[in-house]
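3D, please:
(4 chains)
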Number of protein chains: 2
Amino acid sequence: MTSARSTRNGTPGEGVSRSASARAPERGIPEATIARLPVYLRALITLSERGIATCSSEELATAAGVNSAKLRKDLSYLGSYGTRGVGYDVEYLRYQIAREIGVTQDWPVVIVGIGNLGHALANYSGFSSRGFRIVALLDSDPARLGEKLGDMRIRGFDEIETLVEELDIAIGVIATPAVSAQDVCDRLVAAGVTSILNFAPTVLNVPAGVDVRKVDLSIELQILAYHEQRKALAFDGAVDIVEPPVDPRVVESA
Amino acid sequence: MTSARSTRNGTPGEGVSRSASARAPERGIPEATIARLPVYLRALITLSERGIATCSSEELATAAGVNSAKLRKDLSYLGSYGTRGVGYDVEYLRYQIAREIGVTQDWPVVIVGIGNLGHALANYSGFSSRGFRIVALLDSDPARLGEKLGDMRIRGFDEIETLVEELDIAIGVIATPAVSAQDVCDRLVAAGVTSILNFAPTVLNVPAGVDVRKVDLSIELQILAYHEQRKALAFDGAVDIVEPPVDPRVVESA
DNA sequence: AGCTGTGAACCCATTCACAGCA
DNA sequence: TGCTGTGAATGGGTTCACAGCT
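Sure thing, here's the model as predicted:
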């Protein structure tokens, strides 16, 4: 039953194999929970820096911006790391979550496409302070080759296979224009990258076993615009013009 | 009952008021659908640019990276814009979705925090090409004041109230460090901004009626890392080394 | 014949409410 | 007594499968 797979995109069939020696508890953690673990982790780090040693689910939930029932349910998928009647030990829980996510080890990351956004990402301190180390910056524009960025040089995209192999890179960030994103993605995957964070505004096709997450800046704004529009309409409605042409449905043919 | 609110964060109670003259059809479109509309819109624009006049739900779904049942269900919330036996008229559907989202009008946007990321956002062409126009860049660092960026000057954060008022800004983007984000947010809200896109890695508290969306770069990577770790574990299991210390579980006390 | 639009079934996620433990 | 951990209830979202229209 349920079988704990889930996996997002692509062929429904399988996922990663996992085969053999399946002796681990195999606690299938829901995807929605996984997406919140980093938020809890950050909240715990904040509490920790403030010198707080213990917290209740209520306090942690507030710090993370969720409600406490959800927090407790989420944590229950990881194990029983709290103490009834008392709460959670901040350091201990922090370590457990970090381990579960996989950020106790550190992950070499390649960024492809060093335009404005790529620059910003390369300099973003939030990566290195978690377990992510930017180990390579690639760009196909010859004009940018060799440019220094912090302590790193921008290299040609052709070096990708070598670099992925030598530096054991599993995670790639795509910050190229949309038109080149699929090609870059294919090259990354062929070279052995199995997780991709895509900033290019385009849908990427990848084989099963490769994870893609997408960050689309203009989509986020569009979602806000939708709600903003509704607020404006609601307001106009309240102010009560006879019948504001909310949606005149002036449809010209079909 | 249910009352079509949903609203993400904060106080469960209400949301935006919407009050009075509630006679409009009030088609409550699910939040999940709203988040996909911009994706469909982009796919339609691509088809349109390729000169394709008509498409089936199957084709559009593929272009958008979803399955066709989901696409049809989503579109059904907007109305019946297709033709049975034929498909959808690309231009027509594009217009309908754009109108529903609210990107037929254009939205003045302020960006606060012009560091690396703020620079990148200010130059990002994806905003202006949808209905978003960056009309102000603010920073509190005096060293950056007056700096030109494209055809815009960086202004002091103090001008915020005036600018929001004069330019009728409803949407703000926060790209400051985490520590200042809540203060900036409060000032934006006080000045009249009611939608915020937050790039700072921190939870923002806002009053009801204000929408916040969060883009957190390192959280995205952490989610990938989680899956990557599982892939690695599965693989090690299959290859079957005696017991690679992937995760020694060296937990010290409780 | 073909494709959309949609009720119904299913599945996942959130919330409730309380049992269980310190 | 107080807080965690969790079954059970609820609600939303996705998928199925087909009725309805062109």
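
State which one residue of the stretch 101-250 of chain A is found closest to DNA strand D.
The minimum distance from the stretch 101-250 of chain A to DNA strand D, using C-beta to the nearest atom of the strand, falls at A:Ile223 (12.6 Å). Any C-beta I mention is one placed from the backbone N, CA and C, and that applies to glycine too.

State the pLDDT value of that residue.
In this model, A:Ile223 is scored at 98, pLDDT.

cool, and the one 5 residues further on?
Per-residue confidence at A:Glu228 stands at 97 (pLDDT).

in which helix or strand would I find it?
helix A:217-239 (DSSP states H and E).

what about that helix and chain B, touching?
Yes - using C-beta under 8 Å from any C-beta of the partner chain, helix A:217-239 reaches chain B at A:217-234, A:237-238.

Separate out the buried members of these.
By neighbour count, with 16 or more other C-beta atoms under 10 Å in any protein chain shown, these hold A:217-231, A:233-234, A:237 as buried.

Close to DNA strand D: what parts of the stretch 51-200 of chain A are there?
Within reach of DNA strand D by C-beta under 7 Å from any atom of the strand, the stretch 51-200 of chain A has these residues: A:56-58, A:68-69, A:72-73, A:75-76, A:80-88.

Is the residue of the stretch 101-250 of chain A closest to DNA strand D in contact with B:Leu41, as I believe?
No - applying C-beta atoms under 8 Å as the test, A:Ile223 and B:Leu41 come out as separate, 11.5 Å apart.

all helices for chain A, in order.
With DSSP state H, the ranges of helices along chain A come out as A:31-49, A:57-64, A:68-78, A:90-101, A:116-123, A:125-129, A:160-167, A:178-191, A:217-239.

could those be laid out in CSV, adding distance to DNA strand C?
Shown next, in CSV, are those (distance: least, C-beta to the nearest atom of the strand, whole Å):
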stretch, distance to DNA strand C
helix A:31-49, 4
helix A:57-64, 10
helix A:68-78, 4
helix A:90-101, 14
helix A:116-123, 28
helix A:125-129, 24
helix A:160-167, 31
helix A:178-191, 24
helix A:217-239, 17
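
okay, which residue is most central for chain A?
A:Arg213 (6.1 Å; C-alpha atoms, centre = their mean).

how much space is there between that one and A:Arg99?
When distance is defined by C-beta to C-beta, to the nearest Å, A:Arg213 is 21 Å away from A:Arg99.

same deal with A:Gln105?
9 Å.

Looking at these two, which is more packed in?
A direct count of neighbours by other C-beta atoms under 10 Å in any protein chain shown for A:Gln105 and A:Arg99 places A:Arg99 higher, at 18 against 13.

give the contact list for the closest residue to chain B within the stretch 1-150 of chain A.
Residue of the stretch 1-150 of chain A nearest chain B, by C-beta to the nearest C-beta: A:Gly102 (3.4 Å). With contacts defined as C-beta atoms under 8 Å, 6 or more residues apart in numbering or on different chains, the neighbours of A:Gly102 are A:131, B:222, B:225-226, B:228-229.

Try it again at 7 Å.
B:225-226, B:228-229 (C-beta atoms under 7 Å, 6 or more residues apart in numbering or on different chains).

Same check on A:Glu100?
Applying C-beta under 7 Å, 6+ apart, we find A:Glu100 in contact with A:37, A:78.

just A:Val193 next, same as before
A:Val193 neighbours (C-beta under 7 Å, 6+ apart): A:164, A:169-172.

among those, which two are most distant?
The span of the contacts of A:Val193, defined through C-beta to C-beta, is set by A:Val164 and A:Ile171 at 10.2 Å.

picking that back up, please tell me I have it right and the residue of the stretch 101-250 of chain A closest to DNA strand D contacts B:Ala35.
Yes - when contacts are counted by C-beta atoms under 7 Å, A:Ile223 is listed as touching B:Ala35 (5.8 Å).

where's A:Leu37 relative to B:Ala35, distance?
Look at A:Leu37 and B:Ala35: by C-beta to C-beta, they are 21 Å apart.

A:Pro108 too?
A:Pro108 is 32 Å from B:Ala35, by C-beta to C-beta.

that older thread, is it possible to mark the buried ones in the residues of the stretch 51-200 of chain A next to DNA strand D?
Buried among those (16+ other C-beta under 10 Å): A:57, A:75, A:82, A:87-88.

Redo the contacts of A:Val193 as a markdown table? Include pLDDT and neighbour count.
Listed next are the contacts of A:Val193 as a markdown table, based on pLDDT from 0 to 100; neighbours: other C-beta atoms under 10 Å in any protein chain shown:
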| residue | pLDDT | neighbour count |
| --- | --- | --- |
| A:Val164 | 98 | 22 |
| A:Ile169 | 98 | 22 |
| A:Ala170 | 98 | 20 |
| A:Ile171 | 98 | 21 |
| A:Gly172 | 98 | 27 |
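
Out of these, which are close to chain B?
Among those, the residues that sit close to chain B (C-beta under 7 Å from any C-beta of the partner chain) are A:170-171.

ok, so of the contacts of A:Val193, who is nearest A:Met152?
Closest to A:Met152, out of all of the contacts of A:Val193 and judged by C-beta to C-beta, is A:Ile169, at 13.8 Å.

Tell me who's in contact with the closest one.
By C-beta under 7 Å, 6+ apart, A:Ile169 lies in contact with A:108-110, A:135, A:163, A:193.

Let's see that with 8 Å instead.
Contacts of A:Ile169 by C-beta under 8 Å, 6+ apart are A:108-110, A:135-136, A:163, A:192-193.

Narrow those to those in strands?
A:108-110, A:135-136 (DSSP state E).

Redo the residues you listed as CSV? Include neighbour count, distance to DNA strand C and pLDDT.
Formatted as CSV, the ones in strands among the contacts of A:Ile169 follow (neighbours: other C-beta atoms under 10 Å in any protein chain shown; distance: C-beta to the nearest atom of the strand, whole Å; pLDDT from 0 to 100):
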residue, neighbour count, distance to DNA strand C, pLDDT
A:Pro108, 16, 29, 98
A:Val109, 26, 26, 98
A:Val110, 24, 29, 98
A:Val135, 16, 32, 97
A:Ala136, 22, 33, 97
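
A:Leu37 and B:Ala35: which is more packed in?
Using other C-beta under 10 Å as the criterion, A:Leu37 and B:Ala35 rank with A:Leu37 on top: 24 against 16.
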